[in-house]
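Undergrad: got a structure for you, letters missing:
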Ligand SMILES: NC(=O)c1ccc[n+]([C@@H]2O[C@H](COP(=O)([O-])OP(=O)(O)OC[C@H]3O[C@@H](n4cnc5c(N)ncnc54)[C@H](OP(=O)(O)O)[C@@H]3O)[C@@H](O)[C@H]2O)c1
């Protein structure tokens, strides 16, 4: 992996013939280095609030999944960054369809991040927060029954009461963040911050991310561009109605490995 932006003395210089120099700067990064590269902004006076970061992968032609999964468009380095972003987060917010389709399991406590998490006052693993209106979720799964940190279920006040009861019986913590069946994204972020979960990571999916974008709560996008083309009609990384005015983000960093680009964009 090598850093392409910002340019530093570690950035590989192009070889004289124009081919990329796969020299000293192109090597596998340790998880500690990745954690440093992806650190959340520290809280500071005037910046004590939550920070909402999304991590998504897209093909060159904009597909956010292939045959219903993101794994075919990902790679080993992308999974290392995925794990690092989890290792840094207080909570991982994810749409119910991604949980159902990708078979979500509880986040693991990883030795590599233990010291960092302890120093940041975090528990051993991030909580997973599932966003759902209908609560048609299999509460007998380990995600709900045996996580290290209780799984949160974010839903609206009008969610089916028997499904709320089932979630709670399984051990999940239900957080109401909307007046109807649905969750209001800004209220959800506020509710998580109110629980002390300030470093928020969302792993999508596209329907959820589109709402976070529309509600203007997204601070940062970690986007992996996968050097693949899939054609077809797969979703883009964010769906739903278009926002009236495109939201502008700025490039913070760009890493590369095996033709995959790992970008970090922050809202301007
Ligand atoms: N490329 C990537 O990085 C990436 C990341 C994640 C997922 N994916 C792919 O994306 C696909 C799934 O994504 P998706 O966009 O279809 O679904 P999604 O965003 O993961 O989940 C949609 C579901 O979340 C719940 N939901 C969303 N907004 C809500 C709100 N405001 N209030 C209450 N509930 C809300 C609803 O659940 P209920 O139906 O339970 O009410 C809704 O059906 C999968 O194929 C997955 O592989 C790709």
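TA: Received it, and whenever you're ready, just let me know what you need. All values derive from a computational prediction rather than experimental measurement.
Undergrad: so what's residue 105 up against?
TA: For residue 105, the contact set (CB atoms under 8 Å, 6 or more residues apart in numbering) comprises 141, 142, 143. Every C-beta, even on glycine, is put in place using the N, C-alpha and C of the backbone.
Undergrad: again with residue 240
TA: Contact analysis of residue 240 by CB under 8 Å, 6+ apart lists 207, 210, 211, 214.
Undergrad: of those, which ones also sit close to the ligand?
TA: Applying CB under 6 Å from any ligand atom to these, one finds that 207, 211 fall near the ligand.
Undergrad: if any of the contacts of residue 240 are buried, give me the PyMOL selection for them.
TA: To isolate the buried ones among those in PyMOL, judged by 16 or more other CB atoms under 10 Å, type:
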select buried, resi 207+210+211+214
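Undergrad: if I look at residue 178, how far off is residue 86?
TA: For residue 178, the distance to residue 86 (CB to CB, to the nearest Å) stands at 26 Å.
Undergrad: again with residue 64
TA: From residue 64 to residue 86 the distance is 19 Å (CB to CB).
Undergrad: could you do residue 31 as well?
TA: From residue 31 to residue 86 the distance is 11 Å (CB to CB).
Undergrad: tell me the residues of the stretch 51-200 of the chain that contact the ligand?
TA: Checking the stretch 51-200 of the chain against the ligand by CB under 6 Å from any ligand atom, the hits are 56-57, 64-65, 68-70, 95-98, 101-102, 131-134, 136, 182-183.
Undergrad: which of those are buried, as a PyMOL select command?
TA: Buried members of these, defined by 16+ other CB under 10 Å, are picked up in PyMOL with:
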select buried, resi 56+57+64+65+70+95+96+97+98+102+131+132+133+182+183
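Undergrad: just the ones of the residues of the stretch 51-200 of the chain next to the ligand in strands?
TA: 56, 57, 95, 131 (DSSP state E).
Undergrad: what number of residues lie near the nearest residue to the last one once chain neighbours are set aside?
TA: Using CB to CB, 6 or more residues apart in numbering and skipping the chain neighbours, the partner closest in space to residue 131 is residue 154 (4.8 Å). Using other CB atoms under 10 Å, residue 154 has 28 other residues around it.
Undergrad: what pairs with the strand or helix carrying residue 154, parallel or antiparallel?
TA: Following DSSP states H and E, one finds residue 154 within strand 152-155. In the sheet, strand 152-155 lines up against strand 127-131 (parallel), strand 173-176 (parallel) (DSSP bridges).
Undergrad: let me see the mean pLDDT of that strand.
TA: Mean pLDDT, computed over strand 152-155, is 98.
Undergrad: just after it, pick out the following helix or strand.
TA: Toward the C-terminus from strand 152-155 - assigned by DSSP H and E - lies helix 161-170.
Undergrad: closest one to residue 221 among the strands paired with strand 152-155?
TA: strand 127-131 (17.8 Å; CB to CB).
Undergrad: quick one: mean pLDDT over that closest one.
TA: Mean predicted lDDT for strand 127-131 stands at 98.
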